[in-house]
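*Asks:* make a model of this:
(one chain, ligands or ions: 2)
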Amino acid sequence: MGKTLEEHLRFAACYWHSFCGTGQDPFGSGTRDFPWDSHTDPMDKAKGRLDAAFEFFSKLGVPFYCFHDRDMSPEGNTVGESEKNLRTLVALAKERQQATGVKLLWGTANLFSSPRYMNGGATNPDFRVVTHAAAQVKCAIEATVELGGQNYVFWGGREGYTTLLNTDMKRELDNLGQFLRLARDYGRQNGFKGTYLIEPKPMEPSKHQYDFDAATVVGFLRAQGLDQDFKLNIEANHATLAGHTFSHELQVAADAGLLGSVDANRGDSQNGWDTDQFPTDIYQTTEAMMIILGAGGLGSGGLNFDAKVRRNSSDPEDLFLAHIGGMDAFARGLEVAAKLLEQSPLRSMRTARYRSFEEGDGLRFSKGELKLQDLAKLAEKHENLPLISGKQELIENIINQYL
Ligand code: XUL
Ligand code: CO
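*Replies:* Ligands and ions are numbered 1, 2, ... in the order given. Predicted structure coming up:
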């Protein structure tokens, strides 16, 4: 379709799962030994982690990476010290980017790990906490600009509530809108030309999160006047937590003209939480790539592996195998999707279903030329309608032929 696989897919590796998470869960400690964790000074740990991350990115050959401020550098005792830590690591990351050619897809701020944010970051009922969220976002935007990041992400893990009995939801949402406008303006005034992204997720860690799903976020962005600067970062596993398919979320974002980027992973159909597994399901990647191709591609976004190896995948090579498998699953999905769009009858079958709106009264309805009473009158002409099959099984059979 006129682009190379690399240009279409724009893969990114994420810093947090691969270089911060050792496999610890609520029931047990980590299972992967990170040699840099043997340093006692947190800044030495961070530097060792950075070296390992860039060694991995370049050995893997992945063109992009993504990070949170706190993945890359430790929180200090004061706001100023945290900022200084991040600036030190960003200078080193810049050197590594130049040496390896690896680029930054997006940066973000972690407004969910510190106990300070237990009631939210930008939506915290205590204004003083909101100022801390602002300090972090300001510095993370500066870091993203310094590293040439193409996007800046907001994922609202704790932007939500635990109970409505103590929550003024309207005020919190207005505060979120205000906060995001300030962040947008600061970035624009300080050289950020990329896309701001909101990553929907319905729950976990909050009981209810404000950025519930793509439709909710599209409505929020429009209501807050943010839809010119912000798009959506759709994550597969977040879609399933919201009771949707990955394709549904991609299509909602694409239809609003707001499909910005993708966090490529998958859930587990028997587990109701964010398992963040590497994508391996070619059916799912094919459906996703059909929508992405239909939307004209990912633009400045990409496919970020927000995924982690299983706790019992304890060999260093497992991290390579996981990313390679994920890339292959999407590359294969892209090839199948391109063939389905270009060679199969799928697209023409869908177009044909809506043919009645392309001519005559259907076209007049689409153009807004008919009133409800006109439609009601026309119904009298359409008694005894034939049933028109949706042909779902045929379509599914066609997809399997191309797979
Ligand atoms: C959490 C999640 C985050 C965002 C970035 O579920 O997906 O890692 O991608 O904050
Ligand atoms: Co994510």
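
*Asks:* what residues does the stretch 251-400 of the chain have near ligand 1?
*Replies:* Contacts of the stretch 251-400 of the chain with ligand 1, taken as CB under 6 Å from any ligand atom, map to 263, 274, 306. For every residue, glycine as well, the C-beta is placed using N, CA and C.

*Asks:* ah, wrong one, I meant the stretch 101-250 of the chain
*Replies:* Counting by CB under 6 Å from any ligand atom, the positions of the stretch 101-250 of the chain adjacent to ligand 1 are 108, 153, 155, 199, 201, 235.

*Asks:* let's have those residues in JSON lines, adding neighbour count and secondary structure.
*Replies:* Conversion of those to JSON lines gives the following (neighbours: other CB atoms under 10 Å; DSSP: H, G, I helix; E, B strand; the rest coil):
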{"residue": "T108", "neighbour count": "27", "secondary structure": "strand"}
{"residue": "V153", "neighbour count": "24", "secondary structure": "strand"}
{"residue": "W155", "neighbour count": "24", "secondary structure": "coil"}
{"residue": "E199", "neighbour count": "24", "secondary structure": "coil"}
{"residue": "K201", "neighbour count": "27", "secondary structure": "coil"}
{"residue": "E235", "neighbour count": "27", "secondary structure": "strand"}
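
*Asks:* which parts of the stretch 251-400 of the chain are helices?
*Replies:* With DSSP state H, counting those that start in this stretch as the criterion, the stretch 251-400 of the chain has helices at 282-294, 316-343, 346-353, 360-366, 372-379, 392-402.

*Asks:* got the buried residues for the third one?
*Replies:* Residues of helix 346-353 classed as buried under the neighbour-count rule (16 or more other CB atoms under 10 Å) are L346.

*Asks:* excluding residues flanking it in the chain, which one is nearest whatever residue of the stretch 301-403 of the chain ends up closest to ligand 2?
*Replies:* Among the residues of the stretch 301-403 of the chain, D306 lies closest to ligand 2, at 3.6 Å counting by CB to the ion. Once flanking residues are discounted, D306 sits nearest to D263: 3.8 Å by CB to CB, 6 or more residues apart in numbering.

*Asks:* A236 is in contact with the one you found, correct?
*Replies:* Yes. Taking CB atoms under 8 Å as the definition, D263 is a contact partner of A236 at 7.1 Å.

*Asks:* any residues touching the helix or strand where R49 lies, and which ones?
*Replies:* R49 is located in helix 42-60, with elements delineated by DSSP states H and E. Contacts of helix 42-60 with the rest of the structure, by CB atoms under 8 Å, 6 or more residues apart in numbering, involve 13, 15, 18-20, 34-37, 39, 65, 72-74, 85, 88-89, 92-93, 96-97, 99-102, 319-320, 323-324.

*Asks:* tell me which of these fall in helices.
*Replies:* Secondary-structure check on those using DSSP state H: residues within helices are 15, 18-19, 72, 85, 88-89, 92-93, 96-97, 99-100, 319-320, 323-324.

*Asks:* what about stretch 318-329, distance to the chain center?
*Replies:* Computed by CA atoms, centre = their mean, to the nearest Å, the separation of stretch 318-329 from the middle of its chain amounts to 19 Å.

*Asks:* what pLDDT, on average, does it get?
*Replies:* The average of the pLDDT scores along stretch 318-329 is 98.

*Asks:* which positions in this protein make contact with ligand 2?
*Replies:* 235, 263, 306 (CB under 5 Å from the ion).

*Asks:* the last one contacts C14, correct?
*Replies:* Okay, so that is D306. Yes. In terms of CB under 8 Å, D306 counts as a neighbour of C14; the distance is 5.3 Å.

*Asks:* anything in contact with each of the two?
*Replies:* Counting by CB under 8 Å, 6+ apart, the contacts common to D306 and C14 are C66.

*Asks:* contacts only, for Q209.
*Replies:* Shown here is Q209, whose contacts under the criterion CB under 8 Å, 6+ apart are 156-157, 159-160, 201-203.

*Asks:* can you check V79 too?
*Replies:* V79 is in contact with 132, 135, counting by CB under 8 Å, 6+ apart.

*Asks:* how much space between it and ligand 1?
*Replies:* V79 is 20 Å from ligand 1, where distance means CB to the nearest ligand atom, to the nearest Å.

*Asks:* so how far is ligand 1 from E83?
*Replies:* The spacing between E83 and ligand 1, counted by CB to the nearest ligand atom, is 19 Å.

*Asks:* show me what contacts that residue?
*Replies:* 76, 135, 139.

*Asks:* mind checking pLDDT for whatever residue of the stretch 101-250 of the chain ends up closest to ligand 1?
*Replies:* Closest to ligand 1 within the stretch 101-250 of the chain is W155: 3.5 Å, counting by CB to the nearest ligand atom. Confidence per residue is given as pLDDT, and for W155 that number is 98.
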